[in-house]
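Novice: need a structure here:
(3 chains)
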Amino acid sequence: MPSYILTDVASDLWVENFSLRSADLGPPDPIPWSVTKTTLRGGRRDGVDLIRLDNGAFSVDIVPTRGMGLRQGNYWGNRVGWTSAVTDGPVNPKFVNLMNWGGLGWLEGYDEMLVRCGLENIGSPYQETVEAADGSKRDILYGLHGKIGNIPAHHVAVHYDPATKEITVEGHVDESKPFADQIRLSTRLTTTPGSNKIAVRDEYINLRESPSEMQVLYHWNFGTPYLEEGARLVAPIKTVLPRDKRAQEDIKSFDTYRGPTPGYAEQVYFFELQGDEKDGRTIAMLRNRAGDKAVVLRFSIAQLPAFTVWKNTAGLKEGYVTGLEPSTSYPNARPFEKARNRIVTLPPGGSHVVETTLELLDSVEGVLAVEAEIKRLQKSTPVIHDRPVEPFAAEG
Amino acid sequence: MPSYILTDVASDLWVENFSLRSADLGPPDPIPWSVTKTTLRGGRRDGVDLIRLDNGAFSVDIVPTRGMGLRQGNYWGNRVGWTSAVTDGPVNPKFVNLMNWGGLGWLEGYDEMLVRCGLENIGSPYQETVEAADGSKRDILYGLHGKIGNIPAHHVAVHYDPATKEITVEGHVDESKPFADQIRLSTRLTTTPGSNKIAVRDEYINLRESPSEMQVLYHWNFGTPYLEEGARLVAPIKTVLPRDKRAQEDIKSFDTYRGPTPGYAEQVYFFELQGDEKDGRTIAMLRNRAGDKAVVLRFSIAQLPAFTVWKNTAGLKEGYVTGLEPSTSYPNARPFEKARNRIVTLPPGGSHVVETTLELLDSVEGVLAVEAEIKRLQKSTPVIHDRPVEPFAAEG
Amino acid sequence: MPSYILTDVASDLWVENFSLRSADLGPPDPIPWSVTKTTLRGGRRDGVDLIRLDNGAFSVDIVPTRGMGLRQGNYWGNRVGWTSAVTDGPVNPKFVNLMNWGGLGWLEGYDEMLVRCGLENIGSPYQETVEAADGSKRDILYGLHGKIGNIPAHHVAVHYDPATKEITVEGHVDESKPFADQIRLSTRLTTTPGSNKIAVRDEYINLRESPSEMQVLYHWNFGTPYLEEGARLVAPIKTVLPRDKRAQEDIKSFDTYRGPTPGYAEQVYFFELQGDEKDGRTIAMLRNRAGDKAVVLRFSIAQLPAFTVWKNTAGLKEGYVTGLEPSTSYPNARPFEKARNRIVTLPPGGSHVVETTLELLDSVEGVLAVEAEIKRLQKSTPVIHDRPVEPFAAEG
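Specialist: I've put the predicted structure just below:
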């Protein structure tokens, strides 16, 4: 099975440019695919490693320098992702100061289709005051969505399995420092020639001899053409609630979207989803108004028990986007989640595996079929709270 | 008209080195000029793009990596700029942490002849405490002089117009992120062969569908040989006041300069200038003691209504320098300026244009002529306040 | 005497790769040595300059990009240094945010055998609140161990003296900005072919016309095989005290070490050492249990009057390490040290020289000989305090 190591800092291996085409591996493939790696230069993308994984139908840009995030995709000409107010990305983390704007610096580089949030904290920034032995105090600021999305991968490889025709991009990202949790994200991004899917298999490995704690939120973001006025969220909902007063205003239409609305203030909803009995597999779908295009996320509530929808239907140039965000815990401040036992603990030598599949649909039949699947998972009537409720959020 | 794109991240174009000489474009020019672009390596300048625009008499170093600032110039052997305590610049913003020292991190890279300040805030750092929906509080620190001077340009080009002989370096710098003002600085730096001038034409373009707000301050800085003991500020002053008690001490000599004075504590004066009736064009000049050398700034109070002089006549190795700083508002904390309606609002699709010309004089006749020009602009006797006064500064 | 400049930003000189072998300089040397410089790429080490100085017996990795720190050494197959929880270093300072985690961001890149701490502050982070002229307040956070370890050198050179056979790597690192202390570290790291020693001669030069203040702590760190269960600290102790309650718990065994203990909380002891009468030369040694291996630091209490031992016998993957830390002052908050007159003041044109030698021992005879040397320096019985005491630490 051919494997190509593109980065491995332990052996001081780094490849500036790389290109693998299906034709390089034997007789012409009926569906030509390729994996291309380039190093970007100039502006704020200077020094960013970018890998384009193109299976012939669906291509995805992977950014090792930004924690193995998925910048955007293209499925038969449809852009999969969104247009961020970050105009010149992918932004190298060396230009991102997570402590800017009271911990909102993360926004300086935020333009991905998928950015992982965590591992120390997820959600809004918050501040704690700690007291030293001598009685002096200082403030610790935890920035929006944590650090993992701004840590460059230290190991990157490409694999091709001729038997299954699986093309995989692998990356290792360590969030590890003295006196703290030490965790390795080992991700495998896999697709097959001509497929409408990409599978994201992430393993979070505790690197130390003590337990490590973690949270992770998968911030999947989609704009046009999947998001549009009248687009809808479809999922097997057990519970839904508004995160705050702003979201409360439109709880009745939590599952439908507006068109581009300049100046729109974000609305966030928290969910419990229903999963299948065997292993908790569930589905969240964003479908367009006509129901002939959709993005589908498949994951397991056993691995990712919490789910958040971020509605940000602002102007097209301001970030017209929705986030579908499965996670290990809700994006509240960490102490809130900790008190409700939602932080994952990895024992020494232990790990947590998270598998998510992104699937693109481009037909009415395809969308109807997934809606039917979701209906089968919907075992009970959704509980819709009209205000924030425990244990998901601080009571409003 | 020949144009050369040196950086354009949208098309993944970046040129490591570039050289254009007048002789490259046709028959030898009576005044040979050149534009040279290099990428610096090593130390804290690692990765900095530098463009030297040399018109044959006056050469200026432009730093796309530092927000299209002008690092320093050389006019017939006279250094135009200053010697900063930053010894190893131009410093790549990747090594500058704006949040260091309670928001004074900007100083880590500050060594320019012209650095633009803003666009969110200008002046001293300040801190605000905000309360989240759950009642928790966190502090937001706004760093000295904002961010624009530390954002790398994402588009850089060189143009030559054979008809006018204008040589132009163009750059685009975006201060833009989700949930915030989104503004593009589009700058054109233009000179002609043999000229003693460079024109800085900046357009600030609102990139979003909602209004964006901005402030900008042009921090022009000059040391020897223009600044020296007995050097003088000449301008058509309407009003002048000290910023604070320290400046108050020497209000009587606000327009003259000391020689290098190790340990000198900075003094800052705020001004209203008078402009011509047609379009508000005005002039500020720093002339040496003998009156045979001067730097002249020409701008419009319609575009830049506020003006600040920063006197920092410290030791020669500590930054012996004065700042002549036209701006849209005074360098007070933003809430202070906001309350006095001095923040610029750009409507959707709107922009604000700022034109400034830097002119070098090297003769008594030249200096006298500009002094006469200034005298003609001086329509009324200057009002000199001996303490900070509203609406320019907090009453002292 | 051959000299090779590898970096000099003032002349825009930077060498990507460099290799000098003893054989390059003449007839084969009985002990072949080499100096090799590479530029690392990929992950968080992207752009880091690394110099391997190998004298044939003892090789040391020097990191100009990280303030001329010594990453790790190898002496006849023994690793000299430790295994940090930072898994992918040496980390480029461009990826280190010193303001993260309430000023603990320094830990993001901490993996050296020797990192200099200072020059503004050393020890734990602390926060001060300052009031502006307008009565508004803001917080200034001073991060753990200061900035010098994260400033890239702007001048790097290699020298070889055929007469003395001394091989020297020289580096200049400036901690200098407007309105602040301006200090240049000029370091010379010298060894000879086949030697078991490296000498670190550092000069701290005041670059400005006003006095500059400084603190510096030499954070030498060693793990296995020198550190192990039963390893011991040997030094001519005048006074020892625990830094805090946690260290107080084990004051009785302050000079012996535990084996790897996952979850161990660090313990820190402050010392006064005794030095020789002539120039204060003293010795601190870490010897293994069997007493057949040791690392020895030789320095002067005239240059470095304070000494700290950091015991961090955590799990092998969590940073099983001890720090032997001679310094100009104790690693308390700067105001505490200032009040006790322990800050160094450099007059205009003045400098402070610090010389330290690291020596590796690999025989019982060698260890016994140094123990005898230490015994000769031990003129009086050590005073052992069982709790924090003034003037070294806040009374516990």
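Novice: Low-confidence stretches in chain A?
Specialist: A:396 (pLDDT under 70).
Novice: and the residue with the largest distance to the centre of it, which of the three is it?
Specialist: Going by Cα atoms, centre = their mean, the residue of chain A most distant from its centre is A:Asp134, 41.9 Å out. State at A:Asp134, reduced to three classes by DSSP: H, G, I helix; E, B strand; the rest coil: coil.
Novice: Surely it is in contact with C:Glu395?
Specialist: No. Judged on Cβ atoms under 8 Å, A:Asp134 makes no contact with C:Glu395 at a distance of 9.9 Å. Any C-beta I mention is one placed from the backbone N, CA and C, and that applies to glycine too.
Novice: and the residue farthest from the centre of chain A, how far is that from chain B?
Specialist: 20 Å (Cβ to the nearest Cβ, to the nearest Å).
Novice: give the contact list for that residue.
Specialist: With contact taken as Cβ atoms under 8 Å, 6 or more residues apart in numbering or on different chains, A:Asp134 is in contact with C:332-333, C:336, C:394.
Novice: again, but for A:Gly123
Specialist: A:117, A:144-145, A:217, A:330-333.
Novice: and with 10 Å instead?
Specialist: A:117, A:142, A:144-146, A:215, A:217, A:243, A:268, A:308, A:325, A:327, A:329-334, A:336-337 (Cβ atoms under 10 Å, 6 or more residues apart in numbering or on different chains).
Novice: Quick check: which of those are also close to chain C?
Specialist: A:Tyr142 (Cβ under 10 Å from any Cβ of the partner chain).
Novice: Sitting in helices, which of the contacts of A:Gly123 do you find?
Specialist: Taking DSSP state H as the definition of helices, the contacts of A:Gly123 contribute A:334, A:336-337.
Novice: Closest one of those residues to A:Gly56?
Specialist: A:Glu337 (41.6 Å; Cβ to Cβ).
Novice: so the closest one makes contact with A:Pro331?
Specialist: Yes. Counting by Cβ atoms under 10 Å, A:Pro331 is a contact partner of A:Glu337 at 8.7 Å.
Novice: and for those two, which residues touch both?
Specialist: A:121-123, A:215, A:306.
Novice: quick one on the thing from earlier: distance of the residue farthest from the centre of chain A from C:Leu107?
Specialist: 21 Å (Cβ to Cβ, to the nearest Å).
Novice: ditto for A:Thr322
Specialist: For A:Thr322, the distance to C:Leu107 - Cβ to Cβ - is 37 Å.
Novice: Give the residues shared as contacts by A:Asp134 and C:Glu395.
Specialist: By Cβ under 10 Å, 6+ apart, the residues touching both A:Asp134 and C:Glu395 are C:Pro388.
Novice: A:Trp106 reaches A:Pro125, doesn't it?
Specialist: Yes. Between A:Trp106 and A:Pro125 there is a contact under Cβ under 10 Å: 8.5 Å.
Novice: Mutual contacts of those two, please.
Specialist: A:98-99, A:143-145.
Novice: Quick check: the two most widely separated of the residues you listed?
Specialist: A:Met99 and A:His145 (13.3 Å).
Novice: what's the overlap in contacts for these two?
Specialist: Contact criterion Cβ under 10 Å, 6+ apart; residues shared by A:Met99 and A:His145: A:106, A:125.
Novice: For the stretch 251-396 of chain A, what lies in contact range of chain B?
Specialist: So the stretch 251-396 of chain A meets chain B at A:260-266, A:312, A:314-321, A:332-333, A:335-336, A:388, A:393-396 (Cβ under 10 Å from any Cβ).
Novice: Next one: A:Leu233 relative to C:Thr261, how far apart?
Specialist: Shown here: A:Leu233 relative to C:Thr261, a distance of 50 Å by Cβ to Cβ.
Novice: Those two - which one has more neighbours?
Specialist: A:Leu233 (20 against 16; other Cβ atoms under 10 Å in any protein chain shown).
Novice: can you pull out the helices in the stretch 151-300 of chain A?
Specialist: For the stretch 151-300 of chain A, helices defined by DSSP state H, counting those that start in this stretch occupy the ranges A:245-248.
Novice: Count the residues that sit near the closest residue to chain C within it.
Specialist: Closest contact between the stretch 151-300 of chain A and chain C, by Cβ to the nearest Cβ, is at A:Glu209 (3.2 Å). Burial of A:Glu209 is recorded as 18 neighbouring residues (other Cβ under 10 Å).
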